[in-house]
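Engineer: how would this look folded up:
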Amino acid sequence: MPRMRALKQELKTWLSADNWQSRLPEIAALNGREAAGPLLSFLLLGGEMTCRAAVALGVSVAALAEQDMEPARNIMRRLMWHMNEESGNIGWGVPEAFAEILARSPRLCKEFAHVLLSYIVDTGRDDNYCDHDVLRRSCYWAVGRLAQVHPEMDIKARPWLVRGLEDGDVPCRGMAAWALAQLPPSLESMPPLRRLAAAGHDDPCQVFDGQTLRQFSVTELAGLALRHP
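Structural biologist: Presented below is the predicted three-dimensional model:
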């Protein structure tokens with residue numbers, strides 16, 4: 001137990017520092033099964049620490065998957081459980097961690113990418129759609145983050161991201177627009193993006209760019225998506 005407390009404090013110190021990204025190779029070299037618990041707990045801290053913890057989980061679990069897939073799968077299942085209403089939790093930081101892990105592990109991506117996408121798929125039936133508005137914003141971001149590495153998600157993700165431009169939660173619309181900007185442009189998304197850009201929504205959206213959190217309005221994100229080359 002003292003060793004685990006020491007590991008948790010060390011990880012927190014590393015991720016709190018300005019040069020946190022320089023520590024990622026050291027985090028990847030740690031025992032992934034031991035590092036997972038502290039890093040998962042940091043997802044609840046909010047703000048940039050949540051994003052940094054998600055990135056750290058990404059490098060840690062991807063490294064673990066290269067050594068032993070089953071414990072890596074177990075961590076993914078743990079994330080899925082935290083997204084389940086039956087867990088009694090709200091999965092703060094889970095979509096971000098999910099995306100960062102899959103972006104770094106082709107093997108885990110092959111097995112679990114459909115699960116991440118399912119959080120924005122609203123079939124109106126018994127599905128895996130994330131009903132929590134604020135958490136769903138992170139789900140849209142997560143799909144966009146994975147699309148940066150795997151643009152082939154285009155076929156499956158784009159229709160649901162386009163629907164997300166009319167989400168009942170206005171910031172979700174902005175995050176869906178950001179996610180669409182990570183995919184190759186398409187004529188299908190242009191009309192709803194233009195409508196969103198013209199709507200004048202000032203609602204703020206926080207977007208993690210890999211280094212820091214940046215704030216945009218929904219209108220700004222729609223405009224950026226329209227200008228995406």
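Engineer: can you give me the strands for the protein?
Structural biologist: For the chain, the strands defined by DSSP state E occupy 204-208, 213-217.
Engineer: would CSV of these with distance to Leu165, mean neighbour count and mean pLDDT be doable?
Structural biologist: To be clear about C-beta, it is placed using only N, CA and C from the backbone, and glycine gets the same treatment. Rendered in CSV, the data for the strands of the chain read as follows (distance: least, Cβ to Cβ, whole Å; neighbours: other Cβ atoms under 10 Å; pLDDT from 0 to 100):
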stretch, distance to Leu165, mean neighbour count, mean pLDDT
strand 204-208, 13, 19, 97
strand 213-217, 15, 13, 97
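Engineer: want to throw these into a markdown table with distance to Tyr129?
Structural biologist: Formatted as a markdown table, the strands of the chain follow (distance: least, Cβ to Cβ, whole Å):
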| stretch | distance to Tyr129 |
| --- | --- |
| strand 204-208 | 20 |
| strand 213-217 | 25 |
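Engineer: out of the ones you listed, which comes closest to Glu34?
Structural biologist: The closest of the strands of the chain to Glu34 is strand 204-208. By Cβ to Cβ, the value is 25.5 Å.
Engineer: quick one: low-confidence ranges for this structure?
Structural biologist: By pLDDT under 70, the low-scoring segments of the chain are 1-2, 87-88, 229.
Engineer: go again with 80.
Structural biologist: Residue ranges of the chain with pLDDT under 80: 1-3, 85-89, 229.
Engineer: select the longest helix from the protein.
Structural biologist: helix 47-67 (DSSP state H).
Engineer: got the angle for it vs strand 204-208?
Structural biologist: Between helix 47-67 and strand 204-208, the angle comes out at 40 degrees (axes from the mean of the first three to the mean of the last three Cα atoms, to 10 degrees).
Engineer: which helices and strands sit right next to helix 47-67?
Structural biologist: helix 2-16, helix 24-29, helix 32-42, helix 69-83, helix 94-104, helix 106-118, strand 213-217 (3 or more Cβ pairs under 8 Å, 6 or more residues apart in numbering; DSSP states H and E).
Engineer: now the third one, how far from the centre of its chain.
Structural biologist: With Cα atoms, centre = their mean, to the nearest Å as the basis, helix 32-42 stands 17 Å off its chain's centre.
Engineer: and the angle for that helix with helix 2-16?
Structural biologist: Angle of helix 32-42 versus helix 2-16, following the same axes, to 10 degrees, is 60 degrees.
Engineer: same question, the last one
Structural biologist: Our comparison of strand 213-217 with helix 2-16, counting by the same axes, to 10 degrees, yields an angle of 50 degrees.
Engineer: the fifth one now?
Structural biologist: An angle of 80 degrees separates the directions of helix 94-104 and helix 2-16 when computed by the same axes, to 10 degrees.
Engineer: measure how buried Arg77 is and give me the count.
Structural biologist: Using other Cβ atoms under 10 Å, Arg77 is surrounded by 12 other residues.
Engineer: got it, and the one 5 residues further on?
Structural biologist: Around His82 sit 19 other residues, with neighbours defined as other Cβ under 10 Å.
Engineer: what residues of stretch 61-79 count as buried?
Structural biologist: Going by neighbour count (16 or more other Cβ atoms under 10 Å), the buried part of stretch 61-79 is 61-65, 72-73, 75-76, 79.
Engineer: can I get these in TSV including distance to Leu165?
Structural biologist: Below are the buried residues of stretch 61-79 laid out as TSV (distance: Cβ to Cβ, whole Å):
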residue	distance to Leu165
Val61	31
Ala62	31
Ala63	36
Leu64	36
Ala65	34
Ala72	34
Arg73	34
Ile75	32
Met76	29
Leu79	27
